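Participant: Sequence isn't available, so here's the structure alone:
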């Protein structure tokens, strides 16, 4: 049987002291992702190790090591490094005495999916806060053990020391053996009693990464493992069903073990990945043809099929204020469908055994995968263990990992472990999900002095994030519309902020230019949050904005971002344009941020530069080719992700309020968001033409310039 968490903790025996991080009642309501419910609503996500305790994670002191557990996963964002830094410093222990266990449903509580830049802020900060309580608890235990008053004791590098006689001390690993202690913390608490200092530790996985020893799901090798794959359907998943299949020829091919139907998919199982791929190509299948038109005008369909979903902001009387404003500007912006395009396609190894199925994944939410696997093989979730390996890219695309259930079903069918590796075609087409294309209509009224008095925004096929947090507008009306489109929505780095902030920040620049104001001065006049003024000044200083004399066909652009009301940023970038071919390029970037405590600056800045590069791809290249029937991307030749040549030659990062006792707020997504609007604004300053649709391909730029394609 698989081992559940209760059994795992019981197996630790009398040598361990376990600190369970309980969630306070106020935090349960205020901390999304750690509120005790799964996204699927199928079960309580924190089954009590101690009855009646709703916990997030736990810390085990045993065998001379402190081991921290979290079900969040390592996606390359450096979570293990962050947690190691917080726990080692919080407990005053050498790094070698701290161990981090992530993403194992047998040993880790369900503290939510690894999404939204929140692992450092929620999980990491909870550990930092609990370390203070752990030290206090250990000091009280030592006082009883040494028969000394607690005031006479001091905590030093894993020991409780008698300050009057330093030779009299006791190791923290000798206290409270066999006990389970619940320590309640509130992850939304903004400050701690301990001052954190970034000790600039290197990535704890760095040596494994550079030597190639780190293990991904695809590296898992179980005895007798076979390979599995799925025949690709020709149409969008939501519009087609399997009608018939003939695999007689394919089943006779060398290395093929089994071909069958699994959940309306044709599953091929063989001795090798190549044998499976060859057999998939030989299967004859017929699928129902979509009943909708093949021709797809994305923007037109989004608007024509819209249904009002909700009004997310309404104050004052926008219509009356627009009527009395000195100026009114109407604009429409639109964005494209995008794919996650992770370097590592969905990859899973599953070994089915009655009551003891084990699944290895590269993914973002082991517990969600566990639920899908249990449902797929008709068993209880307690009989399934999911183990997350290092993930080779996710960006929101591996929160719901259907490949886990598919691999488990194949393993059950043949009685052997099965490894499923999605082909690149599967990744683009079989998933049937992506960052949705969005249309945003904006109407803004403002006076001659640059003060915005009213704004109406309609955001189509989006959640409206990023539209209401930066500027104070006394009369505001923001509505969201849903549309029935071929591609299903998927969480993707920056979520809806990317689309909406592109529209809003480009629009703000249009307003500034229409009254002859500098874009920075115009923004400062209308800010709802004063700290953006400091962020703008810092970014401007880093890039030399006020003294900038643009070379020919160069220009600068500005954009602001409030990501979830927790992360604030100001970006100014310099772009260049080759008018002969319409190719735009981002030359330099200055990003000023306020994200609270910076835990590991090295790790953070690598992530920020990666996020900016992602933003470059969204702004300049990435667009999922599709029509009303099918997606037409098969590889990276069809879908242009950024190359090294696309990376800005200079990226400067500046911080405000990043040291001390304030809570960290994460920064994995925020730097993606302002790239497209800042580039749009820079291109306007170069050309005098406003590009209102992403990506800014050479063809679109040349069209805007009035050149022939």
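Facilitator: Ah, there it is. Nothing here was measured: the structure is a model prediction, and the numbers come from that model.

Participant: Show me how the protein divides into domains.
Facilitator: The chain is divided into the following domains under automatic domain parsing: 5-211, 217-285+346-421, 495-704.

Participant: Including mean pLDDT, distance to residue 448 and mean neighbour count, could those domains go into TSV?
Facilitator: To be clear about C-beta, it is placed using only N, CA and C from the backbone, and glycine gets the same treatment. Below are these laid out as TSV (pLDDT from 0 to 100; distance: least, C-beta to C-beta, whole Å; neighbours: other C-beta atoms under 10 Å):
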stretch	mean pLDDT	distance to residue 448	mean neighbour count
domain 5-211	82	40	19
domain 217-285+346-421	97	43	21
domain 495-704	96	6	20
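
Participant: Output those domains as JSON lines; include the columns distance to residue 322.
Facilitator: Shown next, in JSON lines, are the domains of the chain (distance: least, C-beta to C-beta, whole Å):
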{"stretch": "domain 5-211", "distance to residue 322": "34"}
{"stretch": "domain 217-285+346-421", "distance to residue 322": "36"}
{"stretch": "domain 495-704", "distance to residue 322": "13"}
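
Participant: Let me see the ranges of the helices in the stretch 201-350 of the chain.
Facilitator: 206-211, 248-251, 273-282, 298-304, 318-324 (DSSP state H, counting those that start in this stretch).

Participant: Make JSON lines from those helices and add distance to residue 363 to it.
Facilitator: Formatted as JSON lines, the helices of the stretch 201-350 of the chain follow (distance: least, C-beta to C-beta, whole Å):
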{"stretch": "helix 206-211", "distance to residue 363": "19"}
{"stretch": "helix 248-251", "distance to residue 363": "29"}
{"stretch": "helix 273-282", "distance to residue 363": "20"}
{"stretch": "helix 298-304", "distance to residue 363": "30"}
{"stretch": "helix 318-324", "distance to residue 363": "43"}
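
Participant: Residue 270 contacts residue 251, correct?
Facilitator: No. At 10.1 Å, residue 270 does not count as touching residue 251 under the criterion of C-beta atoms under 8 Å.

Participant: which neighbours do the two share?
Facilitator: residue 279 (C-beta atoms under 8 Å, 6 or more residues apart in numbering).

Participant: right, and the helices of the stretch 201-350 of the chain - which one's nearest residue 383?
Facilitator: Smallest distance to residue 383 across the helices of the stretch 201-350 of the chain (C-beta to C-beta): 27.3 Å, for helix 273-282.

Participant: any idea how far the closest one is from the chain center?
Facilitator: Mean C-alpha position of helix 273-282 versus that of the full chain (C-alpha atoms, centre = their mean, to the nearest Å) differs by 33 Å.

Participant: What helices and strands are in contact with it?
Facilitator: On a contact count with 3 or more C-beta pairs under 8 Å, 6 or more residues apart in numbering; DSSP states H and E, helix 273-282 meets strand 226-230, helix 248-251, strand 256-262, strand 265-270.

Participant: Looking at the ones you listed, which is nearest to residue 411?
Facilitator: Using C-beta to C-beta, the nearest of the helices and strands packed on helix 273-282 to residue 411 is strand 226-230, at 8.1 Å.

Participant: relative to strand 256-262, how tilted is whatever helix or strand residue 373 lives in?
Facilitator: Using DSSP states H and E, residue 373 maps to helix 366-376. Using axes from the mean of the first three to the mean of the last three C-alpha atoms, to 10 degrees, one finds that helix 366-376 and strand 256-262 are set 90 degrees apart in direction.

Participant: Check which helices and strands helix 366-376 is in contact with.
Facilitator: strand 357-361, strand 384-388, helix 402-414.

Participant: Out of the ones you listed, which is closest to residue 597?
Facilitator: Short answer: strand 384-388, nearest of those by C-beta to C-beta, at 26.1 Å.

Participant: Quick check, residue 347 in contact with residue 406.
Facilitator: No. Here residue 347 lies out of contact with residue 406, judged by C-beta under 8 Å, at a distance of 11.6 Å.

Participant: which residues are common contacts for those two?
Facilitator: In contact with both residue 347 and residue 406: residue 420, using C-beta under 8 Å, 6+ apart.

Participant: Please, where are all the helices along the stretch 401-550 of the chain?
Facilitator: Going by DSSP H, counting those that start in this stretch, the stretch 401-550 of the chain shows helices at 402-414, 424-425, 497-514, 519-525, 531-543.

Participant: Quick one, grab the pLDDT at the nearest residue to residue 322 once chain neighbours are set aside.
Facilitator: Distances taken as C-beta to C-beta, 6 or more residues apart in numbering put residue 445 closest to residue 322, at 4.2 Å, once the chain neighbours are dropped. At residue 445, the pLDDT value in this model is 98.

Participant: Tell me what residue 445 is bridged to.
Facilitator: residue 328, residue 454 (DSSP bridges).
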